[in-house]
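> how would this look folded up:
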Amino acid sequence: MSRAPYAADPAKSRGREFDQGKGGNRGPRGEFQRDRDRIIHSIAFRRLAGKTQVFIAPDGDHFRVRLTHSLEVAQIGRVIARAMGLDEDLTEALCLAHDIGHPPFGHAGEKALDAALERHGGFDHNAQCLRTLMRLDSPYCGFPGLNLSWELLEGLAKHNGPVEHPGWALAELDAAFPLDLPRWPSLEAQVAALADDIAYDNHDIDDGLRSGFLQLDQLLELDFVAETWRGVERRFPSAHRETLLRELVREQIGIMVNDLLQTTQANLAGIDSIEDVRGAGRVLAAFSPDMAAQERELKRFLYRNLYYHDEQKATAERARHVVARLYAAYHQQPDLLPDGWIGSLPAEEPARSRHIADFIAGMTDRYAIESYRRIFRETPRGLSNV
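As a prediction, this is how the structure comes out:
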């Protein structure tokens, strides 16, 4: 499909924070292809294989982690981008990178680091994503970070919309490489945000049913899910129940994607350029009002029955305790840090505390558990409930 007039164009990129000149090219790739490839080859991306999505340190191999979730988001994002004539490479790169800032144990780890940095600006996983990509993960000789395109960084910073009051991490990065935070981002970024919603809304149902935390009867109390389930049963009357459940998830994804495409195309009437997108003053990639209401209802269901399930909350509290104690230990006894992190440890606050948080945020769940065991001579218990 040809490029739509409102799509991001790699040939018209606003460039990178650090000029690499033409010698920086390796192979016949556009700017957004290079972004995607740098993300895929980064250590930060590989670490997502060991970071919590919904379930902490699951015993089974079939539950999602941040890496598999990000790959699923990218698949959905590319489908939408292709159908709309958007730049697939930029959309894919945004989808692949969007969770890189998550610390070990997901939101439980984030809660611990935010509390630890309360006097030093707090901790936010979205800002940490940009901090990691722009400063911390530095495999190149000529510049810090991955030196990604302005469009990729803008999309990560604003994928949930304009940012009027950035926290310290994002403000610091924006001062170095301004990302036009008060304006709306590209359609590619807007699509990536909704692809994330579509993926975790439905795949968390899949994992919740697989774990036993969710029951089908509970789920069918949602009218629009029940309607989809009845349709699946009619089409496949002889299929095994587990197969029908997988079909339900796929069907739900398709319904949401089609609604998004139809609604967004209607919203694009009169939009003729990417500058029109940024200046529209409102989100353009969106669900219909009915689907948006259904999606919010599904989220409330998942929070009530899965994310805030009593057993899940107890496990998350134990994980939060692990991260909080690790932070306290490294802060009180910095020589526990690896040599490279000790050597670059700032002497003054708040940089010192933020540096320690950077180290912990990069940990996988497994590495955090091993670090806890090494420091405290005990194994944290009860971190897996599936």
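
> quick one, what contacts the residue positioned nearest the centre of the chain?
For the chain, Asp99 is the residue whose C-alpha lies nearest the centre (Cα atoms, centre = their mean; 2.6 Å). Asp99 makes contact with Leu48, Lys51, Arg66, His69, Ser70, His125, Cys129 under the criterion Cβ atoms under 8 Å, 6 or more residues apart in numbering. Glycine gets a C-beta too; all of them are placed from N, C-alpha and C.

> Next one, pLDDT for Lys22 please.
If you check Lys22, the pLDDT there is 65.

> And Asp59, by the same measure?
70.

> secondary structure element for it?
Using DSSP states H and E, Asp59 is not contained in any helix or strand.

> now the closest residue in space to it that isn't next to it in sequence, what's its secondary structure?
Excluding the flanking residues, the one nearest Asp59 by Cβ to Cβ, 6 or more residues apart in numbering is Ser384, at 5.5 Å. Of the three states, Ser384 takes coil according to DSSP: H, G, I helix; E, B strand; the rest coil.

> where in the protein is pLDDT low?
Regions of the chain meeting the criterion pLDDT under 70 cover residues 1, 22-25.

> counting residues per helix, which one in it is longest?
Scanning the chain for the helix with the most residues, using DSSP state H, yields helix 241-267.

> Please point out which parts of it sit buried.
244-245, 247-249, 251-253, 255-257, 259-261, 263-264, 267 (16 or more other Cβ atoms under 10 Å).

> Report the secondary structure state of the nearest residue to Arg246 once chain neighbours are set aside.
Once flanking residues are discounted, Arg246 sits nearest to Asp206: 7.1 Å by Cβ to Cβ, 6+ apart. Three-state call for Asp206 (three-state DSSP): helix.

> wait, what's in contact with Asp206?
Counted by Cβ under 8 Å, 6+ apart, Asp206 has contacts Leu245, Arg246, Val249.

> Need the contacts of Asp99 in JSON lines (columns: secondary structure, neighbour count and distance to Asp19).
Compiled in JSON lines, the contacts of Asp99 are given as follows (DSSP: H, G, I helix; E, B strand; the rest coil; neighbours: other Cβ atoms under 10 Å; distance: Cβ to Cβ, whole Å):
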{"residue": "Leu48", "secondary structure": "helix", "neighbour count": "22", "distance to Asp19": "30"}
{"residue": "Lys51", "secondary structure": "coil", "neighbour count": "26", "distance to Asp19": "33"}
{"residue": "Arg66", "secondary structure": "helix", "neighbour count": "22", "distance to Asp19": "32"}
{"residue": "His69", "secondary structure": "helix", "neighbour count": "23", "distance to Asp19": "34"}
{"residue": "Ser70", "secondary structure": "helix", "neighbour count": "25", "distance to Asp19": "29"}
{"residue": "His125", "secondary structure": "helix", "neighbour count": "20", "distance to Asp19": "30"}
{"residue": "Cys129", "secondary structure": "helix", "neighbour count": "24", "distance to Asp19": "23"}
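
> can you list the residues you listed in a markdown table and add distance to Glu349?
Shown next, in a markdown table, are the contacts of Asp99 (distance: Cβ to Cβ, whole Å):
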| residue | distance to Glu349 |
| --- | --- |
| Leu48 | 30 |
| Lys51 | 28 |
| Arg66 | 30 |
| His69 | 35 |
| Ser70 | 33 |
| His125 | 22 |
| Cys129 | 24 |
